[in-house]
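**Student:** Turn this into a structure:
(chains A and B)
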Amino acid sequence: MDVFSSAVTLLLDWQVLLALLVGSIGGVIIGAIPGVGAAVAIAILLPATFALPPLVGLVMLLGIYGSSMYGGALPAVLINTPGTAVNALTTYDGYPMTQKGEARRAVALAYSASFFGGVFSILCLMLLAPLLAKIAPHFGSREIFLAALLGIILVVLAHRGQIFAAGMLAAFGIFLQTVGLEPITYSRQFTFGQTWLTSGVDLIVVVLGLFALSQAFLLLTQPDERPKLTSIEGSMLSGLKELWLYKRVATVSSSFGVLMGMIPGVGEFTAQFMSYTYAQKTSKTPELFGKGAPEGLIASEAANNAVPAAAMIPLLALGIPGEALTAMMLSVFYVHDVIPGPQLFQNDMPFVMALYLALLVLNIIVLVFLMFSTNRLTKMIELPTRLIGVTILLLGFVGVYSLRNSITDCAIAAGFGVFGVVLKRLNLPIVPIILGMVLGGIMETKLRSAMPRVKNPLDMIERPIAMVIFAMILLVIALHIRTLIKEARNPPQDVDSDIHPTQGGSQ
Amino acid sequence: MTRLKGLQELFKRYRRPGDIVFAWAFLAFSLFLLSQLGSQAPWKSGGKTFTQPAFWPTVSIALMAFFAALHLISSALSPRINGRWTEVWDWVRSVEYAGWFMAYVYTVPQLGYLATSMIFGVLLAARAGYRDPKILMSMAAMGATIVVLFKSFLQVKIPGGAIYEMLPTTLRSFMLTYF
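**Tutor:** Residues are numbered from 1 along each chain as shown, chains lettered A, B, ... in the order given. Sure thing, here's the model as predicted:
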């Protein structure tokens, strides 16, 4: 109870509350504009939050992260274009409902399912927190190394159909973080005699290039789009009542979201895939899926909104980010010398609890905001995409240049911006590069610090948690090989596709 | 035959035109890095393998080359999709906007953040095909809003422009602090 009251005190600071309000409402607006997304916004705002106290900065970024998917559901339902990449599955049933004249019902259900998923996951995590505080201290260097390795393997294998590309891009990310002055022997690696490469390639510069600038370049080179929308009449509260009829699907989908969010490298897409499949298999009307089934819409939105809170678990308890957005947030911790990991969970529980409470409050703020402003929000969707591109380009400059006033950083970010355009146009994933950089750094440090205690390879897995994680690595690889063999025996039909759901483009 | 077909099916997925160009380029880049391992990340004599500074560059580049080769094979085994060079031209077109971005970066220390953001907001909107004065004015306002939000309000570190030196002392310090 002490922890809870301390957390409430932390949260009641006016700066934190303002950051929460700005982050959550800003996140909904950003999510609703197709082509922007939470990653672009977080990348741009990241350096600006370094000057703020850690909780204020993190709450603002969390606000954007947790609320963007609410906004992203709106264009997914109304114009068949997901506002953020994780709303892609929402289009399957949301848009057919709009075509049938049920736009208000679809939007209300999407909001209600998102709210349910968000609140459900936070309550689960609050209940889990004491247990995690007990387990986290048992994670030493070996366990964290193995968990990061599992994260890298999972992020590669999660990109079904693009495993080779995801593998080479994750390896590229690991390589990028090795460039520059090596901290142990002070030798220069892959600098090619260039002084500007000595300080290495900064994660934030890469993130801004790959997410923000590439999106600006992409929008500016593509034909202008300006969708026209009709307004939505009626109350949004009816969605909460209707959601009650589908409480089983909502609960199971949220549970998938929590579970998948906690595992590094997996995230929203796998959670959505599993919950959608579950909803369809257990539905009385499976034939309606893809044609406007409310359960399909609920499965998608409840699962994706349950992930952000869960994704904070590996970040806070182990210092391991599971996806690109938490990887960006990790840098906020480092800048303020707050090292996430077992110590944080053990010694500063009110800080962790305050973050969870902030997530809970943001879900309420967002729901109330959407009840009254959905029609105004549809105007944001109508913004011309090229003008959005200009705005992102101008904002991208703030992000990169304010970091250390370096023109070299800007040039590197512009280079990664062009590289990001190529990846996005080819539907290749960006997230493995970012996770490769972050998890690669963690693996390098943790393996080095684990070495003095490792006399033979088996010492790596002598402790129970290390052994369990190692068994999980073997299991994940074995399951993947099994799937490959199955697919080889029964090849899937029509395997070429223009759209891959795991495209990291607008995430 | 069925098994071979199955494996081929597994190899060809989610492709877009230009995939093979990217596959070749990435493999060439990986092989170049591989060839530079000896000079850019030399293996030190003595010491454990895992604590060698060159360990992670070696592992990552080897993995890059391995996966890039498989990615290239998967592209080569799949039927060609037309429009390869049109797609590559679209990639090249984005370089123009990288140039705009760098021009913006170089101009800020000269003209100051406020003026540069407003000018580039208008110029880029014009480049994007907009001629309506209302839209151009709104983009200038957008540039000013960004400056007010980030520089005046959030106080991000962006130095003042050289042009500010020509202003009277009081106005100069105001402009340097807020714009």
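
**Student:** where does chain B have low pLDDT?
**Tutor:** Chain B contains residues with pLDDT under 70 at B:1-15.

**Student:** Nearest residue to the middle of it?
**Tutor:** Centroid-nearest residue in chain B: B:Ala98, 7.7 Å away (criterion: Cα atoms, centre = their mean).

**Student:** Any buried residues in the host helix or strand of it, and which?
**Tutor:** Using DSSP states H and E, B:Ala98 sits in helix B:84-111. Within helix B:84-111, the residues scored as buried using 16 or more other Cβ atoms under 10 Å in any protein chain shown are B:87-88, B:90-91, B:94-95, B:97-98, B:100-101, B:104-105, B:107-109, B:111. In short, each C-beta sits where N, CA and C put it, glycine included.

**Student:** Can you mark which positions in the next helix or strand after it are buried?
**Tutor:** Following helix B:84-111 in sequence order, the next helix or strand is helix B:113-127 (DSSP H and E). Buried residues in helix B:113-127, counting neighbours by 16+ other Cβ under 10 Å, are found at B:113-118, B:120-125.

**Student:** anything in helix B:113-127 near chain A?
**Tutor:** Yes: applying Cβ under 8 Å from any Cβ of the partner chain, one finds helix B:113-127 touching chain A at B:117, B:120-121, B:124-125, B:127.

**Student:** Need those in CSV (columns: distance to A:Ser199).
**Tutor:** Formatted as CSV, those follow (distance: Cβ to Cβ, whole Å):
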residue, distance to A:Ser199
B:Ser117, 28
B:Phe120, 28
B:Gly121, 32
B:Leu124, 30
B:Ala125, 35
B:Arg127, 33
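
**Student:** between the residues you listed, which is closest to A:Ile64?
**Tutor:** The shortest approach to A:Ile64 among the residues of helix B:113-127 next to chain A belongs to B:Ser117, at 22.3 Å (Cβ to Cβ).

**Student:** What's the local residue count around the closest residue to the closest one other than its chain neighbours?
**Tutor:** Among residues not flanking B:Ser117 along the chain, B:Gly143 sits closest, at 3.6 Å (Cβ to Cβ, 6 or more residues apart in numbering or on different chains). Burial of B:Gly143 is recorded as 25 neighbouring residues (other Cβ atoms under 10 Å in any protein chain shown).

**Student:** Name the residues of the helix or strand containing B:Gly143 that come out as buried.
**Tutor:** Applying DSSP H and E as the criterion places B:Gly143 in helix B:133-147. Within helix B:133-147, the residues scored as buried using 16+ other Cβ under 10 Å are B:135-136, B:138-140, B:142-147.

**Student:** can you check stretch A:378-391 too?
**Tutor:** For stretch A:378-391, a neighbour-count test (16+ other Cβ under 10 Å) marks A:378, A:380-381, A:383-391 as buried.

**Student:** got a pLDDT number for the residue nearest to A:Ile232 when sequence neighbours are not counted?
**Tutor:** Leaving aside its chain neighbours, A:Ile232 sits nearest to A:Arg104 (4.9 Å; criterion: Cβ to Cβ, 6+ apart). Note on A:Arg104: pLDDT of 87.

**Student:** Count the neighbours of A:Arg104 for me.
**Tutor:** Neighbours of A:Arg104 under the rule other Cβ under 10 Å: 20.

**Student:** distance of it from A:Gly94?
**Tutor:** Going from A:Arg104 to A:Gly94 by Cβ to Cβ, to the nearest Å gives 12 Å.
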